[in-house]
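# mind looking at a prediction? Sequence and model below.
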Amino acid sequence: MKISNLEGVPVMERQDLLAKPVADAIRNQNLSEVEVVEIDPSFADTASFCENYKVGLNQSANCVVIETKREGTIKYVTCMVLATTKADVNNLLRKHMDVRKASFAKMDEAIALTGMEYGGITPIGLPSDWVILVDSKVTETPYVIIGSGIRKSKLIVPGKLLASLPNAAILTGLGIPK
């Protein structure tokens, strides 16, 4: 698969470009349609990645880790939204998850809990009890570029594949204008 000037290779050929939990999940879930592309890690953040590699923000999806609280119980949730939007954490996410508080997880917590690098966190390979909320616009995108668990690569994934991940829920309107 080629997106802009990036040429993906089958992910099973370059497992060295994946965080361990991502590689394990890809093998265990037989996600053979996923491709990986090596990038300069200094361009891993979405805006600089898209600018440097000439990828449209509408072809890139962000995975954000959210800490939710209800009656003293903390749960972690991720949101997948196109880079042209931001996650509706305070309204749609809170209502869907039936929680009183939802906030972005601290960087060190997100890294420790996922086993992935900050700036490379992806929904593939997350802890099995985490809910993955995916904006419907992401699933309608033929191919999206997402993190690989590390900063020196990206995954090229069919948008609809994200809907099939364990604990995934599709929400219309999760991604709202920035």
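Done, it's in.
# give the contact list for the residue in the chain sticking out farthest from the centre.
Distance from the C-alpha centroid of the chain peaks at residue 71, with 27.8 Å (C-alpha atoms, centre = their mean). The contact partners of residue 71, taken as C-beta atoms under 8 Å, 6 or more residues apart in numbering, are residue 100. The way it works is simple: take the backbone N, C-alpha and C, and place the C-beta from them, glycine included.
# ok, the worst-scoring helix or strand of the chain on mean pLDDT: who's next to it in the sheet?
Least confident helix or strand, the chain: strand 2-3 with a mean of 88, by mean pLDDT, DSSP states H and E. Neighbouring strands of strand 2-3 in its sheet, by DSSP bridges, are strand 6-7 (antiparallel).
# just checking, what packs against the helix or strand following the strand it pairs with?
Note on strand 6-7: by DSSP states H and E, the next helix or strand toward the C-terminus is strand 9-10. Packing partners of strand 9-10 (3 or more C-beta pairs under 8 Å, 6 or more residues apart in numbering; DSSP states H and E): strand 35-38.
# distance between the strand it packs on and the chain's centre?
Counting by C-alpha atoms, centre = their mean, to the nearest Å, strand 35-38 is centred 15 Å from the centre of its parent chain.
# with stretch 29-39 instead?
On C-alpha atoms, centre = their mean, the centre of stretch 29-39 falls 13 Å from that of its chain.
# try stretch 141-150
7 Å.
# next one: stretch 14-21
For stretch 14-21, the distance to the chain centre is 15 Å (C-alpha atoms, centre = their mean).
# stretch 108-121 too?
On C-alpha atoms, centre = their mean, the centre of stretch 108-121 falls 12 Å from the chain's centre.
# now do it, average pLDDT.
Across stretch 108-121, pLDDT averages out at 96.
# what does stretch 110-121 rub up against?
Applying C-beta under 8 Å, 6+ apart, the set of residues contacting stretch 110-121 is 19-22, 44-45, 63, 65, 76, 78, 105, 107, 122, 125-127, 147-151, 153.
# among those, which ones are in helices?
20-22, 107 (DSSP state H).
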